[in-house]
Structures are given as C-alpha cells and as structure tokens.
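Undergrad: Quick one, what's the 3D model for this:
(2 chains)
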Amino acid sequence: MTTEALLRLAGVHTHIGAYHILHGVDFDVPAGQVTMLLGRNGAGKTTTLRTIMGLWAASQGSIMFDGRQIGGPGAGTGDAARGQRGTPEIAQLGIAYVPENMGIFSDLSVSENMLLAARGARTVDGLDAKRLEWLFGLFPALKRFWLYPAGKLSGGQKQMLAIARAMVEPRRLLLIDEPSKGLAPAIVQNLIAALRELKRTETTILLVEQNFAMAKALGDKVAVMDDGLVVHRGPMAEMAEDEGLQHRLLGLSLAAHQ
Amino acid sequence: MSSVATPVPAAAPEAIPKTRFDVRPLALMAVLALAAWPLIGSSSTWLTLTIAGLAMGMIIFITASGLTLVFGLMDVLNFGHSLFIALGAFIATSIFGWMTGWVSAPSLAQNLAIVFLALLAAMLLAGVMGLGFERVIVRPVYGQHLKQILVTIGGAIVGEELIKVVWGPAQIPLPPPEALRGSILLGNASVEKLRLVAVVIGVVVLLALLYTLNRTKIGLLIRAGVQDREMVESLGYKIRRLFVGVFAAGSALAGLGGCLWGMNQQIVTPQIGGQVNVLLFIVIIIGGLGSTLGCLVGALLVGLMTNYVGFLAPKVTMFSSIGLMVAVLLWRPQGLYPVTNR
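TA: Model (predicted):
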C-alpha cells in the first residue's frame, strides 16, 4: 500500500531552552491512515507533536504538510515570519491537535468547547447538525452533558470531548497525544471503538501511545522513537507480530506495557 | 462511570453534579453590609453609604475589568493602566469646558447628553491611546515580567507628564452638570444624583460585558484564552489579535471609569490615576486575577468597605481595603473566584 505522505518530517531538531530534545526526526504520515508514534517516556513523542503544531520551533530540518513547509527554518508566512508562533496558521491548514492534557476549557460548557473548535460557526446553532449527530453517535456522553461545564466531566468523557472537538469540522490531520493515559481499561476499549469508527472515515491520524494494545488495534503504520530519534519505521502489523522487536524497541513485554 | 461510549438514553444526567454557583463571596458582601448597619446606627445614613459604596464599586469595576482580563489573557501586569483613567478624567474636563452652555443649562436632556458625550470621547481616546501603548510599551517586553512592570510604570510616568503638558499641572474642577447636582431622597436617605447616574452606567457596562463574555464567540475566546492560551492557538485563533483588542477595550473602559471617577470626585488632578491604581490592584487580587466576576465582587466589596470605614473611622480608610485584601487572601489565597487551569 503506497500512499502519498500527507505529513513528512525530515531531520527535525528541536531545542527547548538549553535542552536539545529532537535530534533529527524523520518519518512520514501517509494520507488516510493511522500512524502510531511509540516510544518510552522522554523519547520525544510529545515534543514531536508540539513541533508539528508550531508550539515549539524546529531549529533544523523541515516539516512538510501537503507539499507546503510548515516547520523548520524558512517556514512560515505572516505571523510566523514576524517571529510569532505560527500555531494558528498551522491549525488553519486543517491540522487538529489533542494535547496530552486534553486542553479542555473547564470553565466553559461542553457545547462552548465544541463551538470554539468550529472556526466557521458563530453560535452553537451554527454547528453542522449532521456532523454533530455523527459525533454524538461516537461519543454519546457529549450529548447527555452538552450544557454541563466541561470541567465536571470524568477523565474519559473529557478525552472524548477533546477528540470530538478536534473533529467538529472536517480536518485533514489529527494529532492525538496519549488518549488512553490515566483511563480505566473499559474506557480505553470505548475509546478504541470510537477511534476505529473515525478510522473508517479515512481520517489521517498521528497517534502517540504508550498502550500497545491500542496501538495494535488502530495502527496502520508505526514509528518508534528513542532519545529524540526515530529508530524504527514500518507497518504496525509487522511490529505486532514480532515480540522481539517490541522488546528491543519499547524495552517492555507486551503484557507489562500498559 | 464506565458507560461512556455505550449508547445511553438521555436520562440520568445526575452522573455529573450540577455546578453550584459559588455564592459565598456574594454572601460576604451581604455580611459586610449588615455588619456595618448597627455600627453606623442610622438606617438612612447606612442606606446612603451603601448606595455610595455600590456606585463607587461600579466605577472601580468598570476601571479594573480591563486590567484583570489583560492579565488573564497574556500574563501582562499593566501598571500603566492608571494613565487611561487620568486621560478619561481630563478629557471630561475639556468636553465640559468646551460646552459650558450645555453643562450649566438647567435641562436634564442636555446635561445627560454632555455626560454621554464626555464618556464617549473618553472611551474613544483612551482606547486609541491603549492601542499605541500596547504597540510601543507592552509588546517589546511581552513575556518578561520584571521588565513589564518597570516599563509600564515608566510609561505611566511619561504619560502623566504629557497630560500635564496638555492640561497643565494644576487640578481642574469638574462640577457635575446643573440638573445632576444635589441629591434626591429615597425614603429618608439622601442619594446624590450623580451616583445614581454612575450606578446606571455601571450596570449597563456590566451587562454589556457579561453579554460579550458569555454570549458571543469573541467572549468565549477570551474566556478560553484566560484558561489555556496555547489551546486557543492550536484551535486556529490568533490570540495576539484578541489580546490587542482586549487591551484597547480595557483601556477604553479605564477611560470611561476615569471620566466617572472625575465626576464623582468633582475635581481632577494628574495624580488621579495613581490614586485609583492601588485600589484597582487590590480589587483584582481580591477577585482572583483574570476573573471578571471576581473583579465585580471585589470592586463592590472595596467600594462598600471604603464608604463604611470612611464614615466610621476616616483615618483608616485606605488601610481598610488592604485589610480586606489580606483577610480575603487568608480565606482564599487565589482570590474569591480563582481562574482554573492557570
């Protein structure tokens, strides 16, 4: 299956203050597929997502999205060229980001959280009703708690909201950072079911995970990071078969790696 | 709650507790007012002082609301805010000066018109000056707290001197228009007419502000930005633009507040901003930095406290606000209505 890369990172370096975190990250995210980004704690997975989003600046290398450079030296127009963060412009290209802390606005209601993510809508009534019904089908809790303050949701519900929020309008690429973190196994199963449904719509997803079961259930491709570099790239199915590879790359057996 | 993704009929929303509005800060206000009653003794004096306190609180709120939002959105502590207060007050003296005919005319319509004209001019000019102040003074030191404090204080000093250049160093009287002088009797309590005007304007501004913050998308973005500005950017909004807008609006409100403050004091000095500035910081700290509702409750508390203590023990008036702040912070170290996610 050769699909064109929607997102391509080539030799990306990122410094945060005095620390050199990414040391030349290379990998592709093919269109219409789910790419898993795995690796131990501190390998640089979150930094990679934040660098793609423009929240950290790539000091070397390039990040190409759909043939257009969005990160690295020489990238950026408008605000980014004036030394301001290019994040809003990157988001406007159709990249949605679900950060590790979910980024829920806890003082706002569920509906207001959704409205903010819909750049085309001015009021809650202006949200695309058909799309909303589809999202409610994936995440029924959101419909039930539509008018509740988002801060009152449970951890799993917040994660559902964070993902639904990223999808409230059609997006070309979804970056999701460890959605299973801190969730009970039963809820992780629900999350996997919802993400599978998303996958059926051929949404391109780059998913950071520590939960190998989730990676196995969802991933088409995999990239494994260690110490600021991508050390393995390949089909997810291949890695799922090869326990030796898992052990070598992730340093833990499957059973222990929850 | 493991039934998250299973289809559940629309029942049982009790899984999540309804947010209870936190009324205790409001109760504190009532307690303060009721505690002052027996101390003051006379009901009519108490009513007069209470209305004066609420009017003063409204003016402080209008002035401080921009300050708290600017801090909440971009972590900018703007010590130059006082400049726009002084500016608003001085613009009022000019407008009143140019149109003395309308000020001294015994016609309520003309008097109110001149007041609104002065408020409008104060808002417009302070807003425009706010844009310039943000561009020249605040933007270069964005993200650097110490420099921000120093340079905004410096900006305020320069601005104050510029005001002296334009309007002169002496104090300028700002007598209220003819029909707004004196008091009316509410029962047996006398209430200054001007204070009533201040309360009405304060309520209008408050409603407009609440509507904007709660019912418009811009307002939602501001509230979201105060909680998590990085996420607002990740959703594709340019928070810098939002911030510049809020800064200008906050400056305009400071101008409006300064105009009201000047009319309330009936005299305007170039130091007016500095005097109010201390109160503003007390108010936004009491309320919880970044919180609009907290700012309102804090302002009303300080307004009431100042008026009661000013009557009972004038010498400790200034101390009373600071004492109030200390007491509130001992009770709630983050302020009355802390902003979450900060």
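
Undergrad: Quick check: which element contains whichever residue of the stretch 151-258 of chain A sits closest to chain B?
TA: Closest to chain B within the stretch 151-258 of chain A is residue A:190: 3.2 Å, counting by CB to the nearest CB. C-beta coordinates here come from the backbone N, C-alpha and C atoms, glycine included. For residue A:190, the enclosing helix or strand under DSSP states H and E is helix A:185-200.

Undergrad: I'd like to know how many residues surround the residue of the stretch 151-258 of chain A closest to chain B.
TA: 23 (other CB atoms under 10 Å in any protein chain shown).

Undergrad: Quickly note the distance from it to residue A:103.
TA: 20 Å (CB to CB, to the nearest Å).

Undergrad: One more: residue B:34?
TA: Taking CB to CB, one finds residue B:34 at 43 Å from residue A:103.

Undergrad: between the two, who's got more neighbours?
TA: residue A:103 (23 against 10).

Undergrad: Not counting residues beside it along the chain, what's closest to the more buried one?
TA: residue B:231 (3.6 Å; CB to CB, 6 or more residues apart in numbering or on different chains).

Undergrad: That neighbour: what secondary structure?
TA: Recorded secondary structure, residue B:231: helix (DSSP: H, G, I helix; E, B strand; the rest coil).

Undergrad: cool, and residue A:147?
TA: Strictly by three-state DSSP, residue A:147 counts as coil.

Undergrad: Near chain B, which residues of the stretch 101-250 of chain A? Just list them.
TA: A:103, A:105-108, A:112, A:115-117, A:119, A:122-123, A:138-141, A:143-145, A:148-149, A:151-154, A:156-157, A:160, A:184, A:186-187, A:190-191, A:193-194 (CB under 8 Å from any CB of the partner chain).

Undergrad: one more time with 7 Å
TA: A:103, A:105-108, A:112, A:115-117, A:119, A:122, A:139-141, A:144-145, A:148-149, A:151-154, A:156-157, A:160, A:184, A:186-187, A:190, A:193-194 (CB under 7 Å from any CB of the partner chain).

Undergrad: quick revisit: wait, the residue nearest to residue A:103 touches residue A:102, no?
TA: No - using CB atoms under 7 Å, residue B:231 is not in contact with residue A:102, being 8.9 Å away.

Undergrad: For these two, work out which one has more neighbours and name it.
TA: residue B:231 (27 against 23).

Undergrad: Confirm for me that residue B:286 is in contact with residue B:328.
TA: Yes - using CB under 7 Å, residue B:286 is in contact with residue B:328, at 4.9 Å.

Undergrad: Next, show the common contact partners of the two.
TA: Common neighbours of residue B:286 and residue B:328, counting by CB atoms under 7 Å, 6 or more residues apart in numbering or on different chains, are residue B:336.

Undergrad: Wasn't residue A:170 part of a strand?
TA: No - Residue A:170 is assigned coil when assessed by three-state DSSP, not a strand.

Undergrad: Who has more neighbours out of residue B:286 and residue B:328?
TA: For residue B:286 versus residue B:328, neighbours defined as other CB under 10 Å are more numerous around residue B:286 (26 against 23).

Undergrad: I'd like the distance between the nearest residue to the more buried one once chain neighbours are set aside and residue A:105.
TA: Counting by CB to CB, 6+ apart, residue B:298 is the residue found nearest to residue B:286 once chain neighbours are left out, at 3.7 Å. According to CB to CB, residue B:298 stands 23 Å off from residue A:105.

Undergrad: quick one: which of those two has more around it?
TA: residue B:298 (34 against 28).

Undergrad: my read: the more buried one touches residue B:283, true?
TA: Yes - look at residue B:298 against residue B:283 with CB under 7 Å: they come within range, at 4.3 Å.

Undergrad: mind checking how far the residue of the stretch 151-258 of chain A closest to chain B is from residue A:160?
TA: 8 Å.

Undergrad: Could you do residue B:313 as well?
TA: Taking CB to CB, one finds residue B:313 at 57 Å from residue A:160.

Undergrad: So these two - more neighbours on which side?
TA: residue A:160 (28 against 12).

Undergrad: Report the buried residues of the longest helix belonging to chain B.
TA: Looking across chain B with DSSP state H, the single longest helix is helix B:43-74. Buried residues in helix B:43-74, counting neighbours by 16 or more other CB atoms under 10 Å in any protein chain shown, are found at B:46-74.

Undergrad: Give me the packing partners of it, helices and strands only.
TA: Helices and strands touching helix B:43-74, by 3 or more CB pairs under 7 Å, 6 or more residues apart in numbering or on different chains; DSSP states H and E, are helix B:24-40, strand B:189-192, helix B:193-215, helix B:217-227, helix B:239-265, helix B:272-287, helix B:292-312.

Undergrad: Report pLDDT for the closest residue to residue B:137 other than its chain neighbours.
TA: Excluding the flanking residues, the one nearest residue B:137 by CB to CB, 6+ apart is residue B:155, at 4.2 Å. In this model, residue B:155 is scored at 92, pLDDT.

Undergrad: any idea of the angle whichever helix or strand residue B:155 is part of forms with helix B:43-74?
TA: Per DSSP H and E: residue B:155 is located in helix B:145-167. Relative orientation of helix B:145-167 versus helix B:43-74 (axes from the mean of the first three to the mean of the last three CA atoms, to 10 degrees): 120 degrees.
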